[in-house]
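Asker: this is a predicted model, with the sequence first.
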Amino acid sequence: MPDLQKKPDLNRHLWIIYAVSIILLALVWFNSWTIGLVMTFFVAASFYYSVQREKMLQSETEQYISTLSYRIKKVGEEALLEMPIGIILYSEDYKIEWTNSYLNQFAEGLTDEETLVGCFLHALSDELIPMIKENKQEVWISLGDVMFQTTIKREERLLYLFDRTKQAGIENRYYAEQTMLAIIYLDNYEEITQTMDDTMKSQLNSQVTAALNDWSHQYGLYLKRTSQERFLAVGNNAILEKLEAGNFDVLDIVREMNTEQNNPVTLSIGVGAGNISLPQLGQLAQSNLDLALGRGGDQVAIKDDSGKVRFYGGKTNPMEKRTRVRARVISHALKGLIQASDNVIIMGHKAPDMDAIGAAMGVLNICKRNEVDGYIIFDPDDVHTGVNRLIEAIKEDENLWESFISPDEAEAMMTERTLVIVVDTHRPFMVAYDKLLNKTDYKVVIDHHRRGEDFIENPTLVYMEPYASSTAELVTELLEYQPKKRKLSMLEATALLAGIIVDTKSFTLRTGSRTFDAASYLRSKGADTVLVQRFMKEDLEVYVKRSRLIEQTTVYRGSIAIAKGEEDVAYDSVLIAQAADTLLTMSGINASFVITKRTDDRVGISARSLGDVNVQVIMERMNGGGHLTNAATQIEDTTVKDAEILLKEIIDEYFEGGETS
């Protein structure tokens, strides 16, 4: 290969040598013409040789450059057309104008032609055009069994597709083999085995262990029993995907086992998965088990390291299994917190109902029994007609009414040792005044709803019992273990009883033996059932409006009633709930959903069921929550019609997917 860089320097040196030679030759001719003649001959010969050599070198260089240019052009053409990299040029309207031959092998199955030219980009992937519009630099798409990493050159309207199938396979295998830990807990083992002799208990243990062993062998899990009530299962993400595809059928298998008890055995499972350490996986699994138990048990809670929670199961009503011992322990702990605080701020949820106000009044009585100032946050602009009569009755009692304060007043009296007690909700965005939650380190949550993913951060004490009918029932039990310095007034007892009656639909839903015990206690303290009925009376106008709403009902999937209000008519949340309750009393209806515009401009959905349909998991898919038989949600920036479409899609997924959340 000629040294092109040295050629100019070489020529310059030669001409210098020739110039010096001519000068010397002239000097020789001046001194001796014979010697000059000989020297002239040699110089001429040398000059001729140099010229010929220069021509030959120039010819070789030109031939080399021509050959190299041809080769480079040929390599470029082959790289463009034959290299296993896809290249696409597309037009401004995202139609494919040209592709290299490598991509044409994928045309079959995507188009009827032998080439992709003329197709739009969405024929390759629905993600391509949106990603281009969003100025994304890269997107992964699959064509058949091949996974491509696609680089986007928007200005040139050019796409490069690199085959990353092996890389994707390695990543998928790495993900599939990541460890998964599951803690399995027998929800009601202690309650069921209390009256069993050793033989019956042994038979039950054998049944449960055999069922779980068969299940673990079927899916390839390692299973180890760690105590009478607890098992540990170890697997990986690939196994977890199979378990989720089967909707954790072990819940049904164990629940349907034949036992001599009226109550079936149920499981709760907490699953930890993700690319985190084993100790963190264990903590995550335990946290998810606590979440499943907080929601009533008989279900699976899965949270990976991304933070998203998935639920499976929860098909049965939670069994009543809380004990007097727990109520007494919580009551004493609450007494200690109240006595150690400067004052107590009590609040329920936004748009409080009878249960929230009744429970708040019960907690206020506990504060007074412990001689600590207590206050209930009350916003007159956030009260619906259902509790107006109760509020009017409270106003007539000056000593009681002076404890109801505005959110601003509550914020002004906050100190470092103020105790905030939240009743009838555990979700931060639902409390009456969420700013207070960040102004104190002392918070108590008392609630009867199934625990959701959102929860008040770092509470000092939590008393959550999804087995209870109402928060008023829980507070009534706590009252029984408080100091007797101050008795319940007739109005306080009546408010608590009203909360129980409203939430149980007059003792027909979610009612256990403890519910009647609490009602009996309140009645003995002067609760007036006639006054409760007066509080619960409704206006004729409201009744007519509810009837018109019910008139718009359609039946979906044979047994689901869906009523929807007009787009431009706002309905009170209580009226929506009452309409859902009324629909549930109709023959052939197993679940009811009422969709209307709310007074706060959001779309509200109130859901009810008889237990065959888990309305809680349906509402959770729409960022709501509640109980298996009683749930609701509120949706922003949507219409009643769009909410109905979304609801029907989720109901379809619920039934076709095997009742998962």
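Answerer: Ah, there it is. Model, not experiment: these values are computed from the prediction.
Asker: which residues are contacting the strand or helix carrying His217?
Answerer: In this assignment (DSSP states H and E), His217 forms part of helix 198-219. Applying CB atoms under 8 Å, 6 or more residues apart in numbering, the set of residues contacting helix 198-219 from outside is 184, 186, 192-193, 196, 221-223, 225, 228, 231, 233, 235, 239, 242-243, 246, 249-250, 253-254, 257, 259-260, 265. In this view, the C-beta of every residue, glycine as well, is placed from N, C-alpha and C.
Asker: buried ones among the residues you listed?
Answerer: For the contacts of helix 198-219, a burial check counting by 16 or more other CB atoms under 10 Å picks out 184, 186, 192-193, 221, 223, 231, 233, 235, 239, 243, 249-250, 254, 265.
Asker: circling back: what average pLDDT does the helix or strand just after the helix holding His217 get?
Answerer: Remark: after helix 198-219, the chain's next helix or strand is strand 222-225, criterion DSSP H and E. For strand 222-225, mean pLDDT rounds to 94.
Asker: stretch 349-369 now?
Answerer: 92.
Asker: in PDB, list the C-alpha atoms belonging to that stretch.
Answerer: C-alpha atoms of stretch 349-369 as PDB (Å, rounded to 0.1, in the frame of the first residue of the first chain):
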ATOM      1  CA  HIS A 349     -63.900  10.700  56.900                       C
ATOM      2  CA  LYS A 350     -65.100  13.300  54.500                       C
ATOM      3  CA  ALA A 351     -68.900  13.600  54.300                       C
ATOM      4  CA  PRO A 352     -69.200  11.700  57.600                       C
ATOM      5  CA  ASP A 353     -72.100   9.200  58.100                       C
ATOM      6  CA  MET A 354     -73.800   8.000  61.300                       C
ATOM      7  CA  ASP A 355     -71.000   5.600  62.000                       C
ATOM      8  CA  ALA A 356     -68.200   8.100  61.700                       C
ATOM      9  CA  ILE A 357     -70.000  10.700  63.900                       C
ATOM     10  CA  GLY A 358     -71.200   8.100  66.400                       C
ATOM     11  CA  ALA A 359     -67.800   6.600  66.800                       C
ATOM     12  CA  ALA A 360     -66.200  10.100  67.100                       C
ATOM     13  CA  MET A 361     -68.700  10.900  69.900                       C
ATOM     14  CA  GLY A 362     -67.800   7.600  71.600                       C
ATOM     15  CA  VAL A 363     -64.000   8.400  71.500                       C
ATOM     16  CA  LEU A 364     -64.800  11.900  72.800                       C
ATOM     17  CA  ASN A 365     -66.500  10.300  75.800                       C
ATOM     18  CA  ILE A 366     -63.400   8.200  76.400                       C
ATOM     19  CA  CYS A 367     -61.300  11.400  76.400                       C
ATOM     20  CA  LYS A 368     -63.600  12.900  79.000                       C
ATOM     21  CA  ARG A 369     -63.400   9.800  81.200                       C
END
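Asker: any weak-confidence spans in the stretch 151-300 of the chain?
Answerer: 258-263, 294, 296 (pLDDT under 70).
Asker: which residues of it fall in strands?
Answerer: 158-163, 179-186, 222-225, 230-236, 267-273, 299-304 (DSSP state E, counting those that start in this stretch).
Asker: which neighbouring elements make contact with the last one?
Answerer: Just to be clear, that refers to strand 299-304. If you count contacts as 3 or more CB pairs under 8 Å, 6 or more residues apart in numbering; DSSP states H and E, strand 299-304 packs onto strand 267-273, helix 278-294, strand 309-313.
Asker: can you give me how far the second one is from the chain middle?
Answerer: Think helix 278-294. Between the centre of helix 278-294 and the centre of its host chain there is 16 Å, according to CA atoms, centre = their mean, to the nearest Å.
Asker: between strand 309-313 and it, find me the angle.
Answerer: Counting by axes from the mean of the first three to the mean of the last three CA atoms, to 10 degrees, helix 278-294 lies at 50 degrees to strand 309-313.
Asker: and the angle from helix 278-294 to strand 230-236?
Answerer: 130 degrees.
Asker: do the last one as well
Answerer: Inter-element angle recorded for strand 309-313 and strand 230-236: 120 degrees (by the same axes, to 10 degrees).
Asker: strand 309-313: which residues count as buried?
Answerer: 309, 311-313.
Asker: what helices and strands are in contact with the helix or strand encompassing Val617?
Answerer: If you go by DSSP H and E, Val617 is part of helix 615-620. Contact here means 3+ CB pairs under 8 Å, 6+ apart; on that basis helix 615-620 packs against strand 603-609, strand 625-626, strand 630-635, helix 640-656.
Asker: change it to 10 Å
Answerer: strand 309-313, strand 591-598, strand 603-609, strand 625-626, strand 630-635, helix 640-656 (3 or more CB pairs under 10 Å, 6 or more residues apart in numbering; DSSP states H and E).
Asker: pLDDT on that helix, on average?
Answerer: For helix 615-620, the per-residue pLDDT averages 88.
Asker: make residue 1 into 50 and carry on from there
Answerer: From this message on, residue numbering opens at 50, which makes the last subject helix 664-669.
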